[in-house]
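Trainee: predicted model and sequence below, questions to follow.
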Amino acid sequence: MMRAAVVAIACMLLAACATKSPPTSMASLPPAPPPGEPQDIAGMASAQLRVAFGAPAFVRKDGVAEMWRYDGASCKAFFFLYPNGNDMAVRHVETIPRGTDKAADPICLNALRASPPVS
């Protein structure tokens, strides 16, 4: 008798779980950034990046790739570097806020370049 009661309770709990409806709204992903890299930065070696922008505020390493973040008063820039021979080179750049026709806003990059942080 006790076993039958436990089985009956378990079945009721499972039935209650099964009748719940899925969430009515799901968060959608933001649109992908527009393609294209700034001509003067694409392919830039890591040493050149340091000369142009100074020391990054943050560096993250993921396997062989690196992400360098630069923080400005009104924007942030993210440089994605990958191996290029014995060095690392910029393959992608994004800024927050984004540019209007590319992932990197040239106004942000120019502001960061004009006053690179002190290393």
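Mentor: Structure's in. What do you need? Numbers count the residues shown, from 1 in each chain.
Trainee: so where is this protein shaky, pLDDT-wise?
Mentor: Scanning the chain for pLDDT under 70 picks out 1-25, 33, 115-119.
Trainee: helices of that one, start to end?
Mentor: Assigned by DSSP state H, the chain shows helices spanning 2-18, 46-53, 106-114.
Trainee: residues contacting L81?
Mentor: Shown in contact with L81 (CB atoms under 8 Å, 6 or more residues apart in numbering): 46, 49, 65-68, 88-91. Backbone N, C-alpha and C define where each C-beta goes, glycine included.
Trainee: and A77, what are its bridge partners?
Mentor: Assessed by DSSP bridges, A77 has beta-bridge partners Y70, T95.
Trainee: over to N84?
Mentor: Going by DSSP bridges, N84 is paired in beta bridges with D87.
Trainee: these two touch, right, it and A45?
Mentor: Yes: counting by CB atoms under 8 Å, N84 does reach A45; the two are 7.2 Å apart.
Trainee: run a quick neighbour tally on R113.
Mentor: Residues near R113, counting by other CB atoms under 10 Å, number 17.
Trainee: between the two ends of stretch 82-101, how far is it?
Mentor: When the termini of stretch 82-101 are compared using CA to CA, to the nearest Å, they are 24 Å apart.
Trainee: same question, stretch 35-45
Mentor: By CA to CA, one end of stretch 35-45 lies 21 Å from the other end.
Trainee: kindly report the same for stretch 60-70.
Mentor: End-to-end span of stretch 60-70 (CA to CA): 12 Å.
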